[in-house]
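J.: A predicted structure for the sequence below; I have some questions about it.
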Amino acid sequence: MNKIGTEPYKGVRDFYPQDKFVQEYIFEKMREIVESFGYEKYDASILESTDLYKAKSGEEIVNEQTYSFTDRGGRDVTLRPEMTPTIARMVAGKKRELVFPLRWYSIVNNFRYERPQKGRGREFWQLNVDIFGVKGIEAEIETITIAYKIMQNLGALDRDFVIKISFAGIVGTILSEKFNLDGDEKKKIVRLIDRWNGKKISDDDFNKEMENILGTGRGEDLKKSLANGEIEKIMNDQPEVQLCQRIIKKLNERGITNISFDPFLVRGFDYYTGIVFEVFDKDPNNNRAMFGGGRYDNLLDIFGEDPKSQSNGQGKIPAVGFGMGDITALDFLESRNLLPEYIPKTNLYLCLMNENVTFFADDLAEALRNQKINVEVDYSYKKIGDQIKKANKKKIPFVICIGDDEIKNDKFILKRLVDGKEWQIFRNEISEKIFNS
């Protein structure tokens with residue numbers, strides 16, 4: 001029999017208590033902001049019909065990056081690679097019962113079969129923030145503001161990151177008009193620009209792939225136009241660009257100034273229909289897109305929606321949202337020494353002198369738990385010094401050692417490990433001293 005390894009499956013992570021503490025810290029910082037804007041939490045199964053992703057996530061995602069299989073009932077199913085199609089399905093399914101505008105969020109795990117690298121794994125957790133039912137740019141302004149405030153809540157300064165916005169499809173339109181690209185060429189070039197702009201491939205790889213798609217002559221012409229700003233100049237008169245500039249101005253008025261228009265910003269999913277944005281880390285060692293989103297007004301169409309029959313009176317249900325992954329957030333915090341110090345949930349460690357005090361210690365622990373004190377009891381009966389060392393290593397803040405005297409007098413020495421300070425207290429004083437010390 002082959003020996004089973006202890007390493008996790010490639011591209012996924014184990015979360016030891018200290019790791020989970022940091023992840024939950026990130027999640028809590030996210031929740032604090034989104035809930036302050038009135039967003040409600042939702043959830044769904046990690047299993048979806050593969051047809052859902054074939055319809056709208058994008059060819060690359062479905063054909064190359066999903067964990068898909070046929071279940072025992074002969075149905076094609078996929079482990080969720082992203083949440084947006086799922087929320088669209090949920091909204092479409094109960095649109096007549098829902099009150100618009102909807103403000104929903106979730107923090108869920110997703111799976112994508114891609115090459116693990118810095119900032120990217122095969123399993124990741126992601127915050128999803130979506131607003132349904134707002135046609136105007138107020139939705140974009142709100143979601144970008146939320147993204148900005150989450151970064152602030154994680155300890156980021158404006159100089160640490162930049163928000164780039166653009167309009168979905170505008171690069172493809174310009175490329176088609178100026179370089180006469182056919183549909184397949186345009187799609188490949190747009191995706192290539194997206195990977196290059198997001199620092200996912202090097203300049204050399206970008207140049208090689210460009211020439212592979214277009215050939216040497218056309219590839220050189222396009223690279224020159226990108227390098228000298230010619231394409232950017234063509235875009236400046238487009239109404240889509242002017243819309244981006246309006247949003248930037250309004251965000252500037254709110255104090256969000258680390259935002260700019262990027263004509264080459266392209267999101268990887270096919271369902272975006274308007275403004276798109278991404279948050280970029282400005283650390284030279286991690287200069288890449290961290291997360292982003294945009295407007296996707298047409299996604300509900302895949303469920304056979306008839307705009308004229310929708311009960312909310314708005315016709316097509318407009319939507320704007322973004323997703324923020326935990327891996328890129330963790331990389332950001334690590335690079336700037338912003339990780340929180342591990343603090344266990346356990347408040348008190350009971351050290352037992354011998355087996356004879358076990359019943360008394362268990363009774364005391366239960367009484368304290370009823371007072372919202374988290375208590376761990378050491379049943380090793382080792383030397384008291386060794387038990388205290390274990391409590392200290394676990395970073396549990398308080399210890400009480402129980403022997404015959406403690407049982408006789410119902411009086412204890414409460415010790416704070418961080419500085420060694422001690423208090424002689426009775427049973428009914430323990431919880432108050434722990435909470436107030």
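T.: Noted; the coordinates are in hand.
J.: CA only for contacts and neighbour counts going forward, please
T.: Will do.
J.: all strands for the stretch 101-250 of the chain, in order.
T.: Secondary structure of the stretch 101-250 of the chain (DSSP state E, counting those that start in this stretch): strands at 102-111, 123-132, 161-167.
J.: Show me the one of those that comes nearest residue 297.
T.: Among the strands of the stretch 101-250 of the chain, the nearest to residue 297 by C-alpha to C-alpha is strand 123-132 (8.9 Å).
J.: in a strand, that's where residue 349 is, yeah?
T.: Yes. Counting by DSSP: H, G, I helix; E, B strand; the rest coil, residue 349 falls inside a strand.
J.: circling back: columns mean pLDDT on top of the strands of the stretch 101-250 of the chain, output as CSV?
T.: Formatted as CSV, the strands of the stretch 101-250 of the chain follow (pLDDT from 0 to 100):
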stretch, mean pLDDT
strand 102-111, 97
strand 123-132, 97
strand 161-167, 94
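J.: Figure out which of those strands is closest to residue 225.
T.: Short answer: strand 161-167, nearest of these by C-alpha to C-alpha, at 18.3 Å.
J.: With residue 279 as the reference, measure out to residue 296.
T.: 18 Å (C-alpha to C-alpha, to the nearest Å).
J.: Quick check: can you list the domain ranges of this protein?
T.: 17-168+236-335, 348-435 (automatic domain parsing).
J.: which one of those domains has the most crowded surroundings?
T.: domain 17-168+236-335 (a mean of 18; mean count of other C-alpha atoms under 10 Å).
J.: Point out where the stretch 251-400 of the chain drops to low pLDDT.
T.: Low-confidence segments of the stretch 251-400 of the chain (pLDDT under 70): 268-269, 305-315.
J.: residue ranges of the strands in it, please?
T.: 259-261, 275-281, 289-295, 319-325, 348-352, 375-378, 398-402.
J.: List the neighbouring strands of the shortest one plus their orientation.
T.: I take that to be strand 259-261. Counting by DSSP bridges, the strands paired with strand 259-261 are strand 161-167 (parallel).
J.: Would you agree residue 251 is in contact with residue 257?
T.: Yes. In this structure, residue 251 is within contact of residue 257 by C-alpha atoms under 8 Å, at 7.1 Å.
J.: picking up where we left off before, so which of the strands of the stretch 101-250 of the chain gets nearest residue 407?
T.: strand 102-111 (47.4 Å).
J.: picking that back up, out of the strands of the stretch 251-400 of the chain, which comes closest to residue 96?
T.: Of all those, strand 319-325 comes closest under C-alpha to C-alpha, at 16.3 Å.
J.: List the neighbours of the closest one that are in contact with it.
T.: Residues outside strand 319-325 that contact it (C-alpha atoms under 8 Å, 6 or more residues apart in numbering): 124-135, 139-140, 143, 290-297.
J.: Direction included, what does it pair against?
T.: Strand 319-325 has these strand partners (DSSP bridges): strand 123-132 (antiparallel), strand 289-295 (antiparallel).
J.: got the CA coordinates for the longest one in CSV?
T.: Taking only C-alpha atoms (Å, rounded to 0.1, in the frame of the first residue of the first chain), the coordinates of strand 123-132 have been written out as CSV:
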residue,chain,number,x,y,z
GLU,A,123,-9.7,27.0,-4.6
PHE,A,124,-10.3,30.5,-3.3
TRP,A,125,-12.9,32.4,-1.2
GLN,A,126,-14.4,35.5,-2.7
LEU,A,127,-16.6,38.4,-1.5
ASN,A,128,-19.4,39.1,-4.0
VAL,A,129,-21.2,42.4,-3.9
ASP,A,130,-24.1,43.0,-6.3
ILE,A,131,-26.8,45.6,-6.7
PHE,A,132,-29.9,44.9,-8.9
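J.: What angle do strand 102-111 and that strand make with each other?
T.: 160 degrees (axes from the mean of the first three to the mean of the last three C-alpha atoms, to 10 degrees).
J.: Give me the contact list for strand 123-132.
T.: Taking C-alpha under 8 Å, 6+ apart as the rule, strand 123-132 contacts 11-13, 27, 30, 34, 83-84, 100-112, 139, 143, 317-327.
J.: Nice, that's everything, thank you.
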